[in-house]
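Peer 1: I'll drop the sequence and a predicted model, then ask my questions.
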Amino acid sequence: MVRKILKYGEPVLEQKAEPVTEFDTAELKDLIADMWETMYAAKGVGLAAPQIGLSKRISVIDVSVGEDESKKIVIINPEVTFKEGKQTGEEGCLSIPGFREPVTRASKVTVKAQDASGSTIELTGDDLLARAFEHEIDHLNGILFINHLSALKRDIIRRKIKKLQKTGEWE
Ligand code: NI
């Protein structure tokens, strides 16, 4: 089922999400299936559970945006264990539609996480995947890409969003 993606301004997007403690459940499977469906419907590269209103440490990532089944990654309770290098590139977020800004991230990131059955996995990504790992793990800590911008740029975006909220174009 495609769920509604919450937009910037919803408190859950800026809260630290809760760890997942139960694995291999029908509920978790359904939730992950919904996250894939929602992410692909929105043509995103990643989606974190808080974006559909659930304060849980679950993210899905597919840098091929549905082109390559082998690129699908589910990370639960993820932690960055290693990062190196720097890359700067345009970044956006399904919860902040219409805004894209350059963000500097690590160029290589290793993540330790659990999969849907609770097994520990370790994954390393470069370039876009490294960026997606950092962006999606940020979501689980209540951090949005605009938090990485200068205060000036962030305020400009916030002000534009406030206008959209007033006219009902941000729901
Ligand atoms: Ni995002």
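Peer 2: Ah, there it is.
Peer 1: distance check, the residue nearest in space to the middle of the chain against residue 158.
Peer 2: Nearest to the geometric centre of the chain sits residue 136, at 3.1 Å (CA atoms, centre = their mean). With distances taken as CB to CB, to the nearest Å, residue 136 is found 22 Å from residue 158. No exception for glycine: its C-beta is placed from N, CA and C like everyone else's.
Peer 1: farthest from the middle of this structure: give me that residue.
Peer 2: residue 167 (26.8 Å).
Peer 1: partners of whichever strand in the chain runs longest, with directions?
Peer 2: Taking DSSP state E as the criterion, the chain has its longest strand at strand 73-84. Paired strands of strand 73-84, with direction, are strand 58-61 (antiparallel), strand 108-114 (antiparallel) (DSSP bridges).
Peer 1: export it as PDB, just CAs?
Peer 2: Taking Å, rounded to 0.1, in the frame of the first residue of the first chain, the C-alpha atoms of strand 73-84 are listed here in PDB:
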ATOM      1  CA  ILE A  73      18.700  -2.500   0.500                       C
ATOM      2  CA  VAL A  74      16.800  -2.600   3.800                       C
ATOM      3  CA  ILE A  75      18.600  -1.300   6.800                       C
ATOM      4  CA  ILE A  76      17.200  -1.600  10.300                       C
ATOM      5  CA  ASN A  77      18.800  -0.100  13.400                       C
ATOM      6  CA  PRO A  78      21.700   1.100  11.100                       C
ATOM      7  CA  GLU A  79      24.900   2.700  12.300                       C
ATOM      8  CA  VAL A  80      27.700   4.200  10.300                       C
ATOM      9  CA  THR A  81      30.900   2.300  11.300                       C
ATOM     10  CA  PHE A  82      33.300   3.800   8.800                       C
ATOM     11  CA  LYS A  83      33.400   6.700   6.400                       C
ATOM     12  CA  GLU A  84      36.000   8.400   4.400                       C
END
